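Trainee: Got a sequence here, can you model it:
(one chain, ligands or ions: 2)
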Amino acid sequence: MHFSIPPVDFSLAQALQEKIDNKTKPVGSLGRLEEIAVRIGCIQHTLSPQLRDPHMLIFAGDHGAAHAGISAYPQDVSWQMLENYLKGGAAANVFSRLNGMTMLAIDAGVAHDFGPREGLIDAKIDPAGTRNYLEEPAMTRAQCLAAIAKGAEIARAVADRGCNIMGVGEKGIGNTGSASLITHLLTGASLDDCVGRGTGLDDTALAHKKALMKQAIQRAGLPADADVTEILSEFGGFEIAMMTGALLAGAERGMVLLADGFIATSALLAAHRIAPAIGDYCIFSHCSAEAGHRAQIRFLGGNPLLDIGMRLGEGTGAMVAFPIVRAAVAFLNEMASFASAGVSKHIR
Ligand SMILES: O=C(O)c1ccc[n+]([C@@H]2O[C@H](COP(=O)([O-])O)[C@@H](O)[C@H]2O)c1
Ligand SMILES: Cc1cc2nc[nH]c2cc1C
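Mentor: Numbering: from 1, shown residues only. Ligands and ions are numbered 1, 2, ... in the order given. Predicted structure coming up:
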């Protein structure tokens, strides 16, 4: 596993800000749109960046631990929701259609036989989903590496089509548990702060989930310096490992990356541990209502665009924030300057 991700060269930032300050508007008045425009200009190393063929990659996987009562919903919802995607009826379908993003649905290891299906990418690492990390590692190291490689392969294929802005999202009953364990180990935040209500656990069920997560950490007994593949193998979902590979390959290809919710950001944490420069390529779309997302974003030094109580997953936060990103690039390219419009620049 090797990814070569150079830090973004921010040497154009000043020239981009000068271009922005010459637009027909008071200095600074487009707020964070200006910051996004500068970042994207630097990622693409141009004063006139373009967003081409935006993609959302939605990875789905099942979790052996789901049967232990860590989710408000039964595991079957994972495959049933994939069927819903294939019919175009999920929130992710609606928002990706609305905003002109291509959505790919990828089966990373859902415990269901879909057969060959148009519109579904079969990338199953294990047809039964992961093992129960309360009792044994969720996957083997070989499976973890295969999942990372598969996610990277899919993102590279998307880049080859000309896409230069991509988000990853997910679907998998129980996957907030995995994301909590990964977040705890990669950020050092307390387990208590990383475990949340997911799909909507009540107080009693949340207390039970926290006890189980503690048990999982004790069972694995990872050393303090455990590497990221060990952590993902112990606790990961296949969809989390695949998102990790997709994000790494996306940054390697110089894509703008849209970070989504709690589970997708756990994959970003893993990618960041492998290649810290990936953070330069990211735009943090939203802060999920899931406990622990804020700590993840703080650890990564992000500043989410939206904080509107969403906690659905499926890439929906990134999809809802995408028009803001598009607006940033559009104003940079299309707004008149003071000189071209003949508007007085200086305050009297
Ligand atoms: O993206 C988020 O921040 C988010 C927060 C809570 C839940 N989810 C979604 O809900 C599922 C996981 O929740 P749970 O309770 O089953 O662990 C999974 O399919 C995620 O897409 C997603
Ligand atoms: C219905 C449903 C849809 C979802 N989408 C992502 N996670 C989900 C969880 C549930 C329960």
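Trainee: Would you map the strands across this protein?
Mentor: Applying DSSP state E to the chain gives strands spanning 55-61, 102-109, 120-122, 165-171, 256-259, 282-284.
Trainee: quick one, helices of the chain?
Mentor: Assigned helices in the chain, in chain order: 13-21, 31-44, 76-87, 91-98, 141-160, 175-187, 191-194, 203-220, 228-235, 238-252, 262-274, 293-300, 316-334, 338-341 (criterion: DSSP state H).
Trainee: Give me the residues contacting the fourth one.
Mentor: Read it as helix 91-98. Helix 91-98 is touched from outside by 56, 58, 85, 88, 101-103, 169, 312, 314-316, 319-320, with contacts defined as CB atoms under 8 Å, 6 or more residues apart in numbering. From N, CA and C alone the C-beta is placed, and that goes for glycine too.
Trainee: ok, now the second one?
Mentor: Residues lying outside helix 31-44 but in contact with it, judged by CB under 8 Å, 6+ apart, are 8-13, 16-17, 20, 28, 30, 47-51, 164, 254-256, 280-281, 283, 303, 305, 324-325, 327-329, 331-332.
Trainee: OK, contacts around F262?
Mentor: 176, 179, 183, 196, 288, 290, 292-293, 296, 311, 313.
Trainee: List, one by one, the residues from the stretch 201-348 of the chain near ligand 1.
Mentor: Residues of the stretch 201-348 of the chain lying near ligand 1 by CB under 6 Å from any ligand atom: 261-263, 288, 290, 293, 311-314.
Trainee: Show me what residue of the stretch 101-250 of the chain gets nearest to ligand 1.
Mentor: With CB to the nearest ligand atom as the measure, G198 is the residue of the stretch 101-250 of the chain nearest to ligand 1, at 2.2 Å.
Trainee: what about that residue, distance to H184?
Mentor: From G198 over to H184 the distance is 15 Å, taken as CB to CB, to the nearest Å.
Trainee: domain ranges for the chain?
Mentor: Residue ranges for the domains of the chain, per automatic domain parsing: 10-50+331-341, 55-325.
Trainee: Now render the ones you listed as JSON lines, adding distance to S4 and mean pLDDT.
Mentor: As requested, those are exported to JSON lines (distance: least, CB to CB, whole Å; pLDDT from 0 to 100):
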{"stretch": "domain 10-50+331-341", "distance to S4": "16", "mean pLDDT": "98"}
{"stretch": "domain 55-325", "distance to S4": "6", "mean pLDDT": "98"}
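Trainee: looking at it, T229 is touching C144, isn't it?
Mentor: Yes. With contact defined as CB atoms under 8 Å, T229 counts as touching C144 (5.2 Å).
Trainee: neighbour-wise, which of these two wins?
Mentor: Taking other CB atoms under 10 Å, T229 and C144 do not tie; C144 has more neighbours (27 against 19).
Trainee: Not including adjacent chain positions, what is the nearest residue to the more buried one?
Mentor: Distances taken as CB to CB, 6 or more residues apart in numbering put S233 closest to C144, at 4.4 Å, once the chain neighbours are dropped.
Trainee: Against P304, how distant is the one you found?
Mentor: From S233 to P304 the distance is 29 Å (CB to CB).
Trainee: just E252 next, same as before
Mentor: Counting by CB to CB, the gap from E252 to P304 is 24 Å.
Trainee: re the thing from before, most packed of the helices of the chain?
Mentor: Scoring the helices of the chain by mean neighbour count under mean count of other CB atoms under 10 Å gives helix 238-252 as the most buried, with a mean of 31.
Trainee: elements contacting that one?
Mentor: Secondary-structure packing of helix 238-252 (3 or more CB pairs under 8 Å, 6 or more residues apart in numbering; DSSP states H and E): strand 55-61, strand 102-109, helix 141-160, strand 165-171, helix 175-187, helix 228-235, strand 256-259, helix 262-274.
Trainee: elements contacting the second one?
Mentor: Packing contacts for strand 102-109, counted by 3+ CB pairs under 8 Å, 6+ apart, involve strand 55-61, helix 76-87, helix 91-98, strand 120-122, helix 141-160, helix 238-252.
Trainee: Check the first one too.
Mentor: In terms of contact count using 3+ CB pairs under 8 Å, 6+ apart, strand 55-61 is assigned the packing partners helix 76-87, helix 91-98, strand 102-109, helix 141-160, strand 165-171, helix 238-252.
Trainee: Go ahead and confirm M255 touches C163.
Mentor: Yes. The pair M255 and C163 passes the contact test of CB under 8 Å, sitting 7.1 Å apart.
Trainee: neighbour count winner among those two?
Mentor: Using other CB under 10 Å as the criterion, M255 and C163 rank with M255 on top: 25 against 22.
Trainee: OK, contacts around that one?
Mentor: Shown in contact with M255 (CB under 8 Å, 6+ apart): 43, 155, 159, 163-166, 281.
Trainee: gap between it and T244?
Mentor: 15 Å.
Trainee: Output stretch 246-258 in PDB with nothing but the alpha carbons.
Mentor: The C-alpha atoms that make up stretch 246-258 are tabulated as PDB, following Å, rounded to 0.1, in the frame of the first residue of the first chain:
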ATOM      1  CA  ALA A 246     -10.800   6.000  -2.200                       C
ATOM      2  CA  LEU A 247      -9.900   9.200  -0.300                       C
ATOM      3  CA  LEU A 248      -6.200   8.400  -0.500                       C
ATOM      4  CA  ALA A 249      -6.300   7.800  -4.300                       C
ATOM      5  CA  GLY A 250      -8.500  10.900  -4.800                       C
ATOM      6  CA  ALA A 251      -5.900  13.100  -3.100                       C
ATOM      7  CA  GLU A 252      -3.100  11.400  -5.000                       C
ATOM      8  CA  ARG A 253      -5.000  12.400  -8.200                       C
ATOM      9  CA  GLY A 254      -5.300  16.000  -7.000                       C
ATOM     10  CA  MET A 255      -9.000  15.900  -6.400                       C
ATOM     11  CA  VAL A 256     -11.000  18.200  -4.200                       C
ATOM     12  CA  LEU A 257     -12.400  15.900  -1.500                       C
ATOM     13  CA  LEU A 258     -15.700  16.500   0.200                       C
END
